[in-house]
Structures are given as C-alpha cells and as structure tokens.
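1. Sharing a sequence plus its predicted fold:
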Amino acid sequence: MSQELLYWQALNRAMDVEMAADEAVFTLGEDVGLYGGSYRVTEGLHAKYGEWRVRDTPISENSFTGLGVGAALVGMRPVVEIMTINFLPLALDSIINGAAKIPFMSGGQFRMPLVVRMPGGVARQLGAQHAQRLEHTLMNVPGLRIAVPSTPQDAYWQLRQAIASDEPIILLEHELLYFSKGPVDLLADPPPMHRAALRRAGRDLTIVTYSRHALLSQDAAAELAKEGIEAEVIDLRSLKPIDWDTCASSIEKSHRLLVVEEDCRFAGAGAEIASALAERCFYSLDAPVRRLAGLDIPTPFNGTLEAATIPQVSDIVVAARALCQSGQESKAS
Amino acid sequence: MSQELLYWQALNRAMDVEMAADEAVFTLGEDVGLYGGSYRVTEGLHAKYGEWRVRDTPISENSFTGLGVGAALVGMRPVVEIMTINFLPLALDSIINGAAKIPFMSGGQFRMPLVVRMPGGVARQLGAQHAQRLEHTLMNVPGLRIAVPSTPQDAYWQLRQAIASDEPIILLEHELLYFSKGPVDLLADPPPMHRAALRRAGRDLTIVTYSRHALLSQDAAAELAKEGIEAEVIDLRSLKPIDWDTCASSIEKSHRLLVVEEDCRFAGAGAEIASALAERCFYSLDAPVRRLAGLDIPTPFNGTLEAATIPQVSDIVVAARALCQSGQESKAS
Amino acid sequence: MERDALHRLLRDMLLSRAFEERAAEEYAKGNIVGFLHLYPGEEAVGAGVINAAGPSDYIVSDYREHAHALIRGTPARNVMAELFGRADGMSGGMGGSMHMFDARRRFMGGYAIVGETCPIALGIAYTVAMRSLPEAVICFFGDGAVNQGTFHESLNMAALWRLPLLLVCENNHYAIGTEIHRHSAVVEVYKRAAAYNIPAERVDGMDVIKVYEAARRALERIRGGGGPQFIECETYRFRGHSMADPGTYRPAVEVKAHEAWDPISAAVREIEFRYPTPAELAAAGPDHIGQLAAHMVEAGHLAEIEIEALRKEVNAIVEDAVQFALQSPQPTMDAAWAHLNCNRRHEVLV
Amino acid sequence: MERDALHRLLRDMLLSRAFEERAAEEYAKGNIVGFLHLYPGEEAVGAGVINAAGPSDYIVSDYREHAHALIRGTPARNVMAELFGRADGMSGGMGGSMHMFDARRRFMGGYAIVGETCPIALGIAYTVAMRSLPEAVICFFGDGAVNQGTFHESLNMAALWRLPLLLVCENNHYAIGTEIHRHSAVVEVYKRAAAYNIPAERVDGMDVIKVYEAARRALERIRGGGGPQFIECETYRFRGHSMADPGTYRPAVEVKAHEAWDPISAAVREIEFRYPTPAELAAAGPDHIGQLAAHMVEAGHLAEIEIEALRKEVNAIVEDAVQFALQSPQPTMDAAWAHLNCNRRHEVLV
Ligand SMILES: Cc1ncc(C[n+]2csc(CCOP(=O)(O)OP(=O)(O)O)c2C)c(N)n1
Ligand SMILES: Cc1ncc(C[n+]2csc(CCOP(=O)(O)OP(=O)(O)O)c2C)c(N)n1
Ligand SMILES: [Mg+2]
Ligand SMILES: [Mg+2]
C-alpha cells in the first residue's frame, strides 16, 4: 500500500489530509501561500484552500506565531511555519511564554492545539546564522512537545498526529531531508507520536540519535557491521518526551551507549539523553556513555570546515569502534 | 579589608568602579536610570554619569540589546540590563544571532565586549511568566560565556571581570539573592572568572551546583554533617565554560555526584553537568550521578506549590542521603 | 445615554476601586504575595470599553487586569481567590494576579510580558474574521507596550487583513518609572496607528462616558467591516506601578492634580448632573422624556444616598470575596499536573 | 553634480552589475554554494547612498550586500573570495555571501536575519552621538524588513535620542515571493517614519543622481543635528530573490517593465545627456563652465566609447577577482577557532 514520496511531499500530503478533514486547520507563515513554501511543504494548498486558510504573512515571526497561539485559544488548529529555525529566537516569546504556559496558567481552561513547523539543521553553506539546530532551546520548556521525523513516513505520521493533538507541538524538519525519498503508507496506523523507532538491531552498542543523524547512524552501522560490530540504532523520533524505555532496554542488552547528534555538544539535546540514560542504566554500562555531537563553534561558511563541525558517517564509525574497545580495555585492566 | 555588602550593592559598586575607570562603559535598560533599577543595581549611577551613560530605554528588549551589540562593535563596553530573564526570549535574536556570532562570522575582525545582566530564577509568587531560569537556552550557544554569582563577592568580581572582558558575557543574577549579605573585599585579586569554588570540603559525595542553590546546598551539607555525611559542595560560578577539573577531582575522591539546580530537570543545565562528568568520571563513580532539579512544570502561582517545584534544603538532604546509600547497596548486592 | 448603562458603569468603577483598595490591604497583611498591579485611577477605561462590548466579544488584557475581569462579570470571589492563589481562583491558583482567565466570559487572559497581548488578540481576531462571525476582540495595553515590536507587527497584520480588533491603549503616561516623553518619540500614541492606516482616536480616559461612546463607535465600525480600530485613553494611575513601587519618581503635584480628576467622582458628578431632581421633573410636565427620567429617579438610582448604597453594595461584595478567598482550599500538586496536561486527549503518549 | 562624482557612480554601478552577474555564473559552476542574493536592478541605491557618505561613516547592510561592500571600496578580490569561502575573503571564509565585514572601511556587516540591521546600526549611532562625533550610520534594509518588530523599536529609539542614523529602505516591492501589497498595510514605506517623527522622503531608486542627492541632503541634516532620517528608494530586482528562486511569482510583464528602467542605462543616458558635445562646447566659447566641460570631455570620460572602456575595466576587475578567489587557500579549522576566540585577551579562562 505504500508509495515512494519525498519528505516534503509527505508533509504536504499530511497538511492536505488534515486541512480537508477539519476546517479548523489552517497554516500561516512567510511565503507559504502563493509562493508554495520555501521547501514546497505547502505547495498547492493556497489554490485549494484559499488565502484565509493558507496565509502569507509579513516578516513578523513573534507576532504571527502569537497569532497562532491566539487562534488556538479559540479552537483553531493552526500550523505555523517559521521559515527556518534560525528565526526561532525572534518567535520564542510566543512559544515559551505563550503556547507552553497558557493551558497551565489558566488552570486548565484552554487547550493549545498549535503546531509550529521549522526547517533547521546544518544544510549546505548557509553561514552561521542559517545553520542552527536549537533543539535544546525548546526541550527545557515544560508544556511543549517536540517531534523530529527522519523519514518521509514519520514526517507524514507525525505532522498528522501533531495537528490532531491538542498540545503545542514543535515539528523540527531537517533541511537536508526534504528531498530524501522513502516509502509512505498513507493508510497504516501510526505508532504513538513520541515512540522511538529501532532502526537497526545489534548487540554490541546502542546508538541513540534523531533526525538526519538517524540516517547517518544507520549508514555507520552498516560500515561497522563489516568489521563485525553490530550497532543497535534507535531513532528517537521525539525529543520531548523521550522514549526512555526503548533506549534503556537496548542498553541493558548492549551495555554501551553512543549518543549522536548534530547539535552543538555543550548543553545540546545529547546532554539530556546521555545523562538520563547514564543515570538509569548505570549498572548495565560497561563503558562511559559517549556523546558525538557538533563542535561548539558557529558554523563556518566554508564547505569543508562546515562539514568538519558536525559528525559525519566516518566519525560515527570511529566513535563506535572506540567505544566498543574502551569498554573492553577497562574490563581487562 | 572586606566589608559587608548586599548582593545588589556589590553589583552597584562594580558598575561604579568600571564606569569611573573607562568611559567606554555604559549601561542601558528599562528603568536603570532615573528609577535606579528594579533591583537597585544601577542606583545612583544616573545622577553620577548622566543619561547617555545610564540610559533608560523603552520596552524594546530585542532592539536595546541589539543596540548593545552595535555599540560593542565600535569599541564600547555596554552593560545591558534585561529587567528579568523572562524577557530574554524577546532579546534572544540579538544575543544568539548577533553578539555570539559576529566575532566569528567577521573572521575575527570584531570583538564583542558586551555584558548582558539579567535577574532570574524562582522568586516569590511571581507566576509562571516571571519565574523562569532559562540557563540552558544560553548554554548551547557557542561564543557566549555565562557567569552565575552566588555571593556578593562573586557578584562584584564577576561583573567587573565581565565588563573588562572582550567576550560577550551573560551575568545571571538570582532575584532572591539581591538582598543577601556577605563580605566583599573590593581590592583583593579575583580568581579567574570561570573557576569553580569549593564551598565546603567533604569526602562522601560531591554536590555540584550554582547560583542560589549553592547556598541551599551548603545549608544541606551542614544538615548532612550532623548525620555524619560529609558533602563536598562545588559552586560552579560559571555555566559556560564549566570548570570540569575542579568537579572531577572532587568526584575522584568522593565517588558520588549529586547535581543540584533550580532549572527544570529536562534538558536543564544539570543535563550537561551530569553527562559530562558521568562520562569523564565513569570509572570513579560508585553510584549513578543523580540530578536534583526543578520539576518539569511551569511555576504555579500558589506559594506552597511554587516551593514544591524547586529543590529545597530538605530535598537536597534526602537526595544526598539516598545517593550515599544507593552506592552502598549496590556494592553489597 | 441610558440610565441602566450609566448605572452599570458607575457600579463597575466603584467595585473596581473597592476591590483594588482591598487587595492592597490584603497584600499588606500578607494574604497576597508577588507582583500586584492595581487599577485605581484607570477605572473609566475598563468600565467604558468593556461595557461597550457584547457578550460574545473577546477581551485580552495584561497584568493590570483584575478590574477588567470584574467588569466583564467574573465574580469578585474568584478574582480575589486567584489573588490569594487558591483553588477557587479564576485560574485555579496557578496564574495569580497577572494571569487571570475566564473562558466562559471570553476573558482570554492576563499576560505579564509587555506587548504579548497584541499577537494573541490578533489570532483571535483572525479566527473571527475567517469564520465571518459578528464578534470583535478587544486588546488592552499600556503606553509602554507600544514600543514593543509585537505592537507594530500585530497592527500591520490586523490592518492588512482588516481584522475585527479594537486596540485600547491605557495611556497612564508611565511605563513603571519612565515617563512617556522619555520612552516614546511621539507621545500622542494614537498617531502611531496612522502608520498602518488604522482609524484612531484619543479620548479623555478619566471620563467614562466618553470612553464608552468611543468604544461603541469603534465597535460599530468594526462590525460594519471597518477593520481594526484604535483608541487611546489618557488616564493616570493613582498608585505606584505595583505594590512594590512607591512611585516616588512622579512629582507629588502631578499625582495630586490627577487625583482631582478621579474618574469615579467625575462619573458621580455626571450622574448627579445629568438627571434632574424630582421637583424639576415635575415642573417639566409629563412628557415622554420627563417620564423616563422620572422613572429613573423613582427607581432610586440617582440620589446621592443611592451612590452611598452602591458603595456599600460593592464593599459587601468585596468583603464577601475576601472571606471566600480565605476559605478557599489551597490547590494541590495533582491539580497542577492536571492543568499542565489539560491538553491531553486520547493520545497514547510516552 | 560634479563629473568625478558622476563617473564614480557609474563605475560603481557597472562594477556591481558585472560582479553580480559573474557571481551567478560562478554559482552555476559550483564555485559558490549556499544562498546567493544578487543586486542587479538595485545598483542605483547602493551607489547613490554610499557615495554620498564620508569615509568615517558606518555602513550596516543585510544579506544582499556584495555590491554595498564593493561600492564602499572593498576590493572585488576579497568580496569574491568570501563568496568562494576562501581564506582571503573579507570574513576569512567564515561568513560567506550574507556575512561580509570590512572593519577598516567601517563596513559593519552583512546580516541574514531580516530586521537585525536596525538595532546594530542604532548601537553604532548611539556611540557616535555619545561621543559627539561628526559621523553618521547608514542602515540598509528591504521593504519586507519594515514589518519586523526591531524596525519599529529601533526607529523609536533613534528618534527619541536624535541619533545620527540614516535609514535606507531598498524597496524592491517584494519580500521573496510576497509583494508589498500583501505584506504591508501601508505600502508607502516612508510614511511609517511619521510614527516616530522622523523626516522621510521617497525617491526614485532607479535614478542614481536622485538617490545620491537625497542621501547627501539627509546626511547633511544628520550632521546638522537633525537626528535620524529616512529614505525610501523605489527599485526592483531583476533576478529572483536568491539563486534558489526562479522568481516566477512576478508577472513577466512587470519584470520587463522594470528592466526597461535599468538604473545603469539610465545613468549612462544621464551622463551622455548632461554633457555637451565638443562642437557645442566650442560654439559656447571659452567661458568658465565651458572650459570645465571641455576638460571633462577632453579627458575622454563621457563618450560612449569610454563607457565601453569602463565596462571592460570592471570586467577585468571581476575576472581578476575570480582568479584570485580560485587561488585563495581554503581556511583551516585552526583559523576558525582563532576567529571564534578573537575576543580573548589576557584572561586566564578555564
Ligand atoms: C517584555 C517585558 N519587558 C519588561 C517588563 C517589565 N514591566 C512590567 S510592566 C512594565 C511597564 C509597562 O508600562 P505600560 O505598558 O505603560 O503599562 P502600565 O503598567 O503603565 O499599565 C514593565 C517595563 C515586562 N513585564 N515585559
Ligand atoms: C527574521 C527573518 N525571517 C525570514 C527570513 C527569510 N528571508 C530572507 S530574505 C527575506 C525577504 C526579505 O525581503 P526584503 O526585506 O524586502 O529584502 P529583499 O530581499 O527584497 O532585498 C526573507 C523572508 C530571514 N532571513 N530572517
Ligand atoms: Mg503606562
Ligand atoms: Mg524587498
């Protein structure tokens, strides 16, 4: 039943299905309408649903995100597109002080069926102001949920689930994934929105990762298999909440954990992943939990340097190999 | 040579000394001038230095912080006061995309001698929008430094050091500390700005903490001592960079680590602290690193509930005791 | 202007005043903790505007919103209980002074981040427009708030899409300790609306009838498809910015001068002035207008003694509210978690 | 207008055009990667404004800033090398197309967050005012940027404190694919400045002389203590928003119409038109003005053939720039860390 779709097409389908099903769903953002969206996610929707439901906005991130918050208060299901996550700092007040807090502050009087979609991550030579990840910024905010689809199928599922949910949900889409292809079953029942996916089974170490690096980690696992190292790859799919059980059961089997992320290492998403799992799985671990992450430096424009600042497949292979050895060494010593 | 000063007075002295010494130092923010500052930090400076050097601003956080960035580009040493950290989301673009990136993006052509001061933390019943900590939001940003003084002496030293530094530095002041008193030696040589302080020596466990919770942890350590548990208390003083060496040498001795923070637990500052130290000190640890942190919930207005959402002295005592036991149990098992 | 409306305005103002003064007392006693921003001096704005609105209109307010909620009809009990942080408070004790919500009365919240009300009101107005409903959204903010970026962004969008939004600036001339001349390049706030082609008017915010009428006119234009409207109400707060603020930055003479223009005394004068005495009415003969006026006087609403009765009535309401709040239980941590998760439906979440 | 000035304007516009067209080619070849926002069609704005500035004035620009840097005097070599991400680029290959800096020429950067230029320029202007220097700060931004909150916040502060800030809106009528009528409630951008009492003027941004003169006047007013000034330059970009954008949202006829007003052809016409032929000059006799004009013509700057020479000259500069960029080394990771830490002085940091 599944068909091959590009990641952006899967998102586009999800939008279309939800907009057709419920008039309360509408989308807004810069160039989402006539132009069809910077990454084509909203292509065709303006023609089909009209300008009120597919609204081109001025360059006013904080206020059009706040517009979504206000609309959600009165029962709409807005899908706000922030053109890229690099503009999130401008819109953060509406998300942190508005969307995340109103249901609670009002004593449960208001729900917040808001979705905020953002492309992000290091793409190709966009410079330091257009290569940010910023997952961490949202993770610490109680009241939010964050989905990070890595495949077209997850993109389709998670966007639909996010729209259907009454909680404020952030969907982080990776700019380099929009043109990746994969099978999408439009009719299958999705797993729960925040459940992690075991992408590859293995016994020697557990790699916990998400978004684009879930794909790179699978490539690395294939490389590692050639050397006889069997890595189990867990794609978190959600950064808030995190499906700790899936991670912990893998670690109990493998006794080793490598966390792979594109975010800057210091206080990145991986810090929470590593510390929570190191605490929970302490007695199962044969070696320290390792984080492989982006360097703590703004992204250089130069392409070679840019690549050097985030983990590549070969880096994952090296780190995984070292992790397997380090455990052994210590046992020997 | 030292005198007793309140925390705000210490900051006020630091401002005064630096403004007197260097005309490039100026401060701006809402009500810092005529009004004397919400927490009195800038009291008397407007009268002494005039409106250009002590500038009352409109309620325009992003732009007056950006003003500081622009002024720093041309050699000024602006000290921006954001009235409380709760308004940081509004100013974040100027900090993340401006201050933190320009020196790098310009290929090292510009320095960024900017200081941004912000009161923050859970005070007394200010409600969810005025009880935020948000340390994590800044920690992940390469190019920034973050100081978190817990004593009047540190407040004095670190503000002076921040002003003297050519790097963009965030000073996070805790609202409940402004009226705490302590000895301040105005002439003594300060330790390096980002060096952690060993506040109490002990052998049974290491408590790593910062800001107001450094004081609470010291109180807890005094309690614990009565039970024969000797906690070593490390006050980080800086959240970026973190003085890992001081922490690690303590853990190598105590074999147990409790991280105490006021920030929400999930992806809070403690996540980085715990994961980095768990990795580095893995083979020294007798028990899992524990994080004691704020609950992952917006702060309730009600006073009792508010207190229940952040670690109290008694919580630290309980957690420390449990940590000491948990290690022993496991060894026994 | 109709008698009932006038009477209502006066009662709302008296209730607001009594409520706020009592809140200040309860703060001094320690029953209320935290920031407490009071409304005395500004009552004519809230009473005039909110009374001009219909029940299906929406109100969005900031942290100085207790009176707005009271005027909108939220029982004083629940407003006071929220100030006390109790379970029966409007927001279950979770929000406090700055975060009062009353979904049933379309009171869409108090917000504590200056400028935040504009985008939220914008979103509600967008929804109303999209659904072609005959409703309007009223957004309150101070003179200090107009310098926040969101004000500008929101006004542009509201005008661009002709949204049913009534922007009400409560210009009390100060943003905490900073006088308007020191925070705004153009101190006639209503002039800012011209940058977005939004019709704007400045009214005497100490005169409740003028405010009421300006709001009525603006709401009519909105319902007639005229798009967003802007009203600047010039007013003054008699107290400091919040209970923590002695307000010493304002010259005493300035404060005194404004107190002489107390909107409540003005409204009382207005009522006493506008309606003739029974003797005068008798002299005027039994014509149409005379009959109506006579009826009003007969009903006993207008004599000075009745205003005293009104004061007593509102004092009793406030006293009852305090007793209610004192007896209201403390909320539980379970309730807090439930409020946080009020959003959850059937999703099977991790 | 003086001949040298005119000549300089023309040369800058030709250089900008040639540079940008070549950048597009290099992008197609893969020598330039990432976002590339080009300037063709808008040259008269940058050339007119920047040539009106003095060497101690500051320039703050956005991501469409290559031409601004060139006009300001940064060698084409370093601009091109930055586009190539090389070590000899203006920003050492760290910034790229959108982040060009040249401290020596007070070119204070290209910024990629729309609206971010305003507060930065504000801060520089604040410093200038505080130090009572005779300098001015020029801030460029697009028509889309005026809807960002920072625009509003910054204009208010600039006016409140009368800062020496020249705000230049490059109104090309589009924010990527969104036409100005669809993003701004008031499409006459200069009118927005009235909300802050900032003197504002709209000029034909396709006419370099008009732009130049407007900028001169504005800078004079600034230096005379007149506070911030605003110029809206109506212009048009001939290409898509960036190389990634085919620009199909604009009606072909609209694009065509604007191309007919190409600022470079206009400037060429202007030069050819304004100066008489040698025969005409001879007929006018050896008077003062005639002598000067004759001298100019003699010098060979004005004949059509000379414009061709100018084109060749700039083409050679651009060709040289490309060769330079190709040969410039890749920056190293060590250099990247050094740039990040350029701030560090003597502090002993952990
Ligand atoms: C974004 C933001 N900045 C600063 C503050 C602190 N603050 C609270 S009220 C206030 C003054 C607001 O003045 P105005 O808008 O005139 O309202 P008023 O209090 O006079 O009713 C300030 C600066 C805040 N709450 N939010
Ligand atoms: C804050 C922000 N939002 C969105 C973008 C994406 N973006 C880049 S350029 C642009 C359009 C800007 O239009 P305008 O200001 O008119 O400048 P122009 O490109 O026409 O010169 C947009 C939306 C951005 N860079 N920054
Ligand atoms: Mg005010
Ligand atoms: Mg434009």
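-> Sure thing, it's come through. Ligands and ions are numbered 1, 2, ... in the order given.

2. Now the residue of the stretch 1-150 of chain C found nearest chain D. Nearest residue, chain neighbours left out?
-> Sorted by distance to chain D under C-beta to the nearest C-beta, the residues of the stretch 1-150 of chain C start with residue C:149, at 1.6 Å. The way it works is simple: take the backbone N, C-alpha and C, and place the C-beta from them, glycine included. Excluding the flanking residues, the one nearest residue C:149 by C-beta to C-beta, 6 or more residues apart in numbering or on different chains is residue D:149, at 1.6 Å.

3. where along the stretch 201-333 of chain A do the strands fall?
-> A:205-209, A:231-235, A:238-240, A:257-264, A:290-294 (DSSP state E, counting those that start in this stretch).

4. closest to residue A:102 out of those?
-> Judged by C-beta to C-beta, the one of the strands of the stretch 201-333 of chain A that comes nearest to residue A:102 is strand A:238-240, at 17.7 Å.

5. which helices and strands sit right next to that closest one?
-> The contact analysis (3 or more C-beta pairs under 8 Å, 6 or more residues apart in numbering or on different chains; DSSP states H and E) places strand A:238-240 against helix A:135-139, strand A:145-147.

6. any residues touching that strand, and which ones?
-> Applying C-beta atoms under 8 Å, 6 or more residues apart in numbering or on different chains, the contact partners of strand A:238-240 are A:135, A:138-139, A:144-148, A:172, A:193-196, A:210, A:269, B:266-267, C:350.

7. Please repeat the previous calculation with a cut-off of 10 Å.
-> Outside strand A:238-240, the residues that touch it by C-beta atoms under 10 Å, 6 or more residues apart in numbering or on different chains are A:135-136, A:138-149, A:154, A:158, A:169-170, A:172, A:192-196, A:210-211, A:261, A:263, A:269, A:272-273, B:266-267, B:296, C:349-350.

8. By residue count, which helix of the chain is the longest?
-> Looking at chain A here, since you left the chain open. If you go by DSSP state H, chain A has its longest helix at helix A:313-332.

9. nope, chain C please
-> helix C:3-29.

10. residues of that helix that come out buried?
-> Within helix C:3-29, the residues scored as buried using 16 or more other C-beta atoms under 10 Å in any protein chain shown are C:3, C:6-7, C:9-20, C:22-24, C:26-27.

11. number of nearby residues for residue A:191?
-> Burial of residue A:191 is recorded as 16 neighbouring residues (other C-beta atoms under 10 Å in any protein chain shown).

12. Was I right to think it contacts residue A:157?
-> Yes - look at residue A:191 against residue A:157 with C-beta atoms under 10 Å: they come within range, at 7.7 Å.

13. can you list residues touching both of these two?
-> Common contacts of residue A:191 and residue A:157 (C-beta under 10 Å, 6+ apart): residue A:237.

14. and chain A, which of its residues are near ligand 2?
-> A:30, A:59, A:61, A:83, A:87, A:90 (C-beta under 6 Å from any ligand atom).

15. Pull the most distant pair out of these.
-> Spatial extent of these (C-beta to C-beta) is set by the pair A:30 and A:90 at 11.7 Å.

16. quick one: common contacting residues for those two?
-> A:59, A:60, A:61, A:82, D:114.

17. Now neighbour count, pLDDT and secondary structure too, for those, in JSON lines please.
-> Output for those, formatted as JSON lines (neighbours: other C-beta atoms under 10 Å in any protein chain shown; pLDDT from 0 to 100; DSSP: H, G, I helix; E, B strand; the rest coil):
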{"residue": "A:59", "neighbour count": "27", "pLDDT": "98", "secondary structure": "coil"}
{"residue": "A:60", "neighbour count": "30", "pLDDT": "98", "secondary structure": "coil"}
{"residue": "A:61", "neighbour count": "30", "pLDDT": "98", "secondary structure": "helix"}
{"residue": "A:82", "neighbour count": "22", "pLDDT": "98", "secondary structure": "coil"}
{"residue": "D:114", "neighbour count": "26", "pLDDT": "98", "secondary structure": "coil"}
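
18. Closest to residue C:129 out of the residues you listed?
-> Among these, residue A:60 lies closest to residue C:129 (C-beta to C-beta), at 17.3 Å.

19. Verify the stated contact: that closest one with residue D:148.
-> Yes - here residue A:60 reaches residue D:148: they are 6.4 Å apart, a contact under C-beta under 10 Å.

20. ok, which stretches of chain C are strands?
-> Assigned by DSSP state E, the strands in chain C fall at C:58-61, C:107-110, C:137-142, C:165-171, C:174-175, C:178-179, C:200-204, C:229-234.

21. Show the contacting residues for the residue nearest to residue A:107 when sequence neighbours are not counted.
-> Nearest non-adjacent residue to residue A:107, counting by C-beta to C-beta, 6+ apart: residue C:92, 2.9 Å away. When contacts are counted by C-beta under 10 Å, 6+ apart, residue C:92 touches A:104-109, B:300-302, C:78, C:81-82, C:85-86, C:101, C:331, C:335-336, C:338-339.

22. please redo it, this time with the cut-off set to 8 Å
-> Counting by C-beta under 8 Å, 6+ apart, residue C:92 makes contact with A:107, A:108, C:331, C:335, C:339.

23. Let me see the backbone angles for it.
-> Backbone dihedrals for residue C:92, given as degrees, to the nearest 10, come out at phi 70, psi 20.

24. any idea how far ligand 4 is from it?
-> In this structure, residue C:92 and ligand 4 are 48 Å apart, going by C-beta to the ion, to the nearest Å.

25. Would you format the contacts of residue C:92 as CSV with pLDDT included?
-> Below are the contacts of residue C:92 laid out as CSV (pLDDT from 0 to 100):
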residue, pLDDT
A:107, 98
A:108, 98
C:331, 98
C:335, 98
C:339, 97
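
26. so of those residues, which ones are in helices?
-> C:335, C:339.

27. which of the contacts of residue C:92 has the most neighbours?
-> residue A:107 (28 neighbours).

28. Most widely separated two among the shared contacts of residue A:30 and residue A:90?
-> Longest span within the shared contacts of residue A:30 and residue A:90, C-beta to C-beta: A:82 and D:114, 12.4 Å.

29. Specify the local secondary structure of residue A:199.
-> strand (DSSP: H, G, I helix; E, B strand; the rest coil).

30. okay, now the residue nearest to it when sequence neighbours are not counted: neighbour count?
-> What sits nearest to residue A:199 in space, not counting adjacent residues and going by C-beta to C-beta, 6+ apart, is residue A:233, at 4.4 Å. When neighbours are counted by other C-beta under 10 Å, residue A:233 registers 27.

31. From the opening residue of stretch A:144-161 to its closing one, how far?
-> 14 Å (C-alpha to C-alpha, to the nearest Å).

32. Does it reach chain C?
-> Yes - for stretch A:144-161, a contact with chain C is found by C-beta under 8 Å from any C-beta of the partner chain, at residue A:161.

33. Only the buried residues of that stretch, if you could.
-> Residues of stretch A:144-161 classed as buried by neighbour count (16+ other C-beta under 10 Å): A:144-161.

34. Good, wrapping up.
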